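In: please find the sequence and the predicted model below.
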Amino acid sequence: MDKRRDAILNGALAPNLVKFGLPLAIAMGLQACFNLIDLAIIGRLPNGSIAVAALVSCDLLAVIGTIFTQGVSNAAVAIISRYFGRGDQSSLNHATWNSITVVAVLSIIFGAFGYFGAPFLTGGMVGLEGETQQIAESYLKIIVGHSWTIFFLLHLTAVMRALGDAKWPTIILIAANVLNIFLDVLFVYGPGDAPAAFAWGAPIAAALGIPRMGVDGAAWATVIARAVGVLWAAVLLMRYKNGPRFVRSEMRPTRAELTRLIRIGAPSSAQFLVRISGVLVVLSLVARIYEPTNPAVATALSVCIRLDMLGLFLGLGWGSAAATFVGMNLGNQAPKRAEKAGWVAAVLNSGVMILVGLVFILFSEQIFALFLQDDSTEIALSTVFSVGKQYLWIVGSSYAFIGTALVLSNALQGATDTMSSFLIDLIVIFGVQVPAMLVVTLVLDAPPNGLWACIAGANVLSAVAYALWYRKGRWKSLEV
């Protein structure tokens with residue numbers, strides 16, 4: 001039996017979950033950090049503030065396509081891990097190649113839409129104007145026009161995880177991000193002037209004949225780094241002992257397999273949209289209710305959301321481990337072990353999230369100082385610190401519940417129960433959290449702390465809902 005498969009199906013759960021999930025958690029956490037470094041490189045251009053505003057808008061547009069492919073990838077993990085646990089190589093091949101077909105089609109659709117629709121997306125849809133619109137349009141053509149790089153990077157590493165391998169996806173994701181930062185410095189600044197921290201890139205760019213490309217350089221750096229990761233992942237995947245094989249009859253797309261992928265993947269994509277929509281509602285309420293009289297609230301929230309995302313990225317590693325362990329053990333006809341794997345992963349992630357929350361709470365001022373410069377007044381900056389600390393105390397205290405909900409949601413997805421995950425998030429966010437926030441802000445006229453309390457309360461409710469549904473166990477009887 002394959003060593004990875006044997007460890008997941010027969011080994012001690014806690015040590016093997018740590019061995020599988022910890023590297024992924026570290027990789028996802030580092031990716032969040034690299035995203036911040038990438039933004040810092042752009043922000044130090046002469047038109048840095050305009051460039052950053054353009055990139056933030058582009059990121060929101062680019063993530064739409066990623067949401068759809070992530071749903072397909074989650075479905076593929078659930079299906080492939082089930083077949084891998086069962087030892088059904090033929091069905092594994094069929095599912096893998098069909099999922100790759102769907103990702104390829106989505107790559108063509110979103111790539112064409114991003115390239116030809118960039119003027120409308122940045123100008124007509126988002127409403128950017130002048131230099132900001134020009135920068136965003138050019139950047140979006142490159143990033144979304146080459147969507148295939150991020151789509152296949154995430155999908156192929158997801159397939160590798162479904163086959164019980166956490167080591168190589170971690171190495172590939174970290175290496176791609178490091179390469180991205182290295183190329184960023186070369187392409188953005190070229191052989192010209194650069195901030196002291198990035199001055200080392202000028203002689204390298206000059207020697208290689210790389211011109212100064214500005215924001216477009218950041219886009220090309222990202223595309224190239226992702227493409228290298230895709231090639232690396234594809235080569236490794238084909239060399240797996242129990243990986244997909246080039247069998248013509250099993251590579252042809254079939255209506256049944258494509259329908260299965262869409263049936264399982266669509267609710268997963270919808271779940272991501274619900275979560276993003278919930279964040280957008282919070283941002284909208286802050287912008288409309290608090291920002292006109294206290295701009296520090298919006299500034300503090302922007303930093304806190306980045307910190308929340310760092311914590312959530314860490315949790316995605318443990319969630320990926322739970323999905324793989326649940327899917328493979330269900331395929332091996334071991335539902336009790338599958339259920340236990342989800343609980344153990346949830347406990348591990350909750351412990352990590354408690355530590356993350358404590359760090360954010362205890363070192364909030366130092367963390368905020370990394371993101372903010374005192375370019376106005378000391379009082380204004382201290383106000384931002386105060387608002388941010390209150391957010392971290394209230395919402396950070398619920399991080400353990402976020403950790404539980406995130407992992408159990410992924411465990412359900414690993415069992416192909418994506419519809420339940422979607423419905424739980426939909427009910428909690430739009431049935432409870434959003435109405436509560438509207439009452440607190442528009443009816444009770446509460447301070448920002450009331451809004452933060454609604455977020456924390458929703459985190460607790462989400463964990464309880466997921467735990468109750470997971471314990472009920474109906475997901476154990478679902479077939480792929």
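Out: Arrived safely, thanks for sending.

In: does residue 419 really touch residue 269, like I thought?
Out: No: at 11.9 Å, residue 419 does not count as touching residue 269 under the criterion of Cβ atoms under 8 Å. Heads up, the C-betas are built off the backbone N, CA and C, glycines and all.

In: give the buried residues for stretch 294-302.
Out: Within stretch 294-302, the residues that count as buried by 16 or more other Cβ atoms under 10 Å are 294, 296, 297, 298, 299, 300, 301, 302.

In: that one: how far from the chain's middle?
Out: Offset of stretch 294-302 from its chain centre (Cα atoms, centre = their mean, to the nearest Å): 24 Å.

In: what's in contact with that stretch?
Out: With Cβ atoms under 8 Å, 6 or more residues apart in numbering as the test, stretch 294-302 has contacts from 282-283, 286-287, 290-291, 368, 372, 380, 383-388, 391, 448.

In: go through those residues and flag which are in helices.
Out: 282, 283, 368, 380, 383, 384, 385, 386, 387, 388, 391, 448 (DSSP state H).

In: quick check: which of the residues you listed has the minimum pLDDT.
Out: Lowest pLDDT among the ones in helices among the contacts of stretch 294-302: residue 380, with 61.

In: the buried residues of stretch 294-302 in helices, which ones?
Out: With helices taken from DSSP H, the overlap with the buried residues of stretch 294-302 comprises 296, 297, 298, 299, 300, 301, 302.

In: from those, which two are the most distant?
Out: Using Cβ to Cβ, those span at most 10.8 Å, a distance reached by 296 and 302.

In: next up, the contacts around the spatially closest residue to residue 396 that is not a sequence neighbour.
Out: For residue 396, ignoring the flanking residues on the chain, the nearest one in space by Cβ to Cβ, 6 or more residues apart in numbering is residue 357 at 4.0 Å. If a contact means Cβ under 8 Å, 6+ apart, then residue 357 has 311, 392, 396, 397, 399, 400 as its contacts.

In: tell me the pLDDT at residue 220?
Out: pLDDT, residue 220: 94.

In: look at it and say how many residues are nearby.
Out: Here the number of neighbours of residue 220 (other Cβ atoms under 10 Å) works out to 18.

In: surely it and residue 213 touch.
Out: Yes: counting by Cβ under 8 Å, residue 213 is a contact partner of residue 220 at 6.8 Å.

In: touching both of these two, which residues are there?
Out: residue 187.

In: show me how the record splits this structure into domains.
Out: Annotated domains of the chain cover 1-253, 267-480 [automatic domain parsing].

In: JSON lines for those domains, including distance to residue 259?
Out: Listed next are the domains of the chain as JSON lines, based on distance: least, Cβ to Cβ, whole Å:
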{"stretch": "domain 1-253", "distance to residue 259": "10"}
{"stretch": "domain 267-480", "distance to residue 259": "12"}
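
In: do a quick rundown of the helices in the stretch 101-250 of the chain.
Out: Taking DSSP state H, counting those that start in this stretch to define them, one finds helices in the stretch 101-250 of the chain at 130-143, 147-162, 167-189, 201-208, 215-239, 248-251.

In: least confident of these, on average?
Out: Between the helices of the stretch 101-250 of the chain, the one with the least mean pLDDT is helix 248-251; it has a mean of 81.

In: in stretch 180-190, what's buried?
Out: Going by neighbour count (16+ other Cβ under 10 Å), the buried part of stretch 180-190 is 180, 181, 183, 184, 185, 186, 187, 188, 189, 190.

In: I misspoke; the intended subject was stretch 108-127.
Out: 110, 111, 113, 114, 117, 118, 121, 122, 123, 126.

In: how far is it from where the chain is centred?
Out: Counting by Cα atoms, centre = their mean, stretch 108-127 comes out at 22 Å from the chain centroid.

In: find the centremost residue of this structure, please.
Out: Residue closest to the average C-alpha location in the chain (Cα atoms, centre = their mean): residue 313, at 6.1 Å.

In: assign it to helix, strand or coil.
Out: The three-state label given to residue 313 by DSSP: H, G, I helix; E, B strand; the rest coil is helix.

In: how far away is it from residue 237?
Out: Using Cβ to Cβ, to the nearest Å, residue 313 is found at 23 Å from residue 237.

In: so where's the stretch 1-150 of the chain shaky on pLDDT?
Out: Within the stretch 1-150 of the chain, the stretches with pLDDT under 70 are 1, 36, 48-49, 52-53, 56-57, 60, 126, 128.

In: for residue 22, pull up the helix or strand it's in.
Out: helix 13-43 (DSSP states H and E).

In: what angle separates that helix from helix 167-189?
Out: Angle of helix 13-43 versus helix 167-189, following axes from the mean of the first three to the mean of the last three Cα atoms, to 10 degrees, is 10 degrees.

In: the closest residue to residue 470 other than its chain neighbours: how many residues sit nearby?
Out: Leaving aside its sequence neighbours, residue 470 sits nearest to residue 408 (Cβ to Cβ, 6+ apart; 4.8 Å). Counted with other Cβ under 10 Å, residues neighbouring residue 408 total 29.

In: and residue 408, helix, strand or coil?
Out: helix.

In: coming back round to it: distance to residue 245 and pLDDT added to the ones in helices among the buried residues of stretch 294-302, as CSV?
Out: Output for these, formatted as CSV (distance: Cβ to Cβ, whole Å; pLDDT from 0 to 100):
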residue, distance to residue 245, pLDDT
296, 58, 76
297, 56, 81
298, 53, 75
299, 53, 72
300, 53, 80
301, 50, 81
302, 48, 73
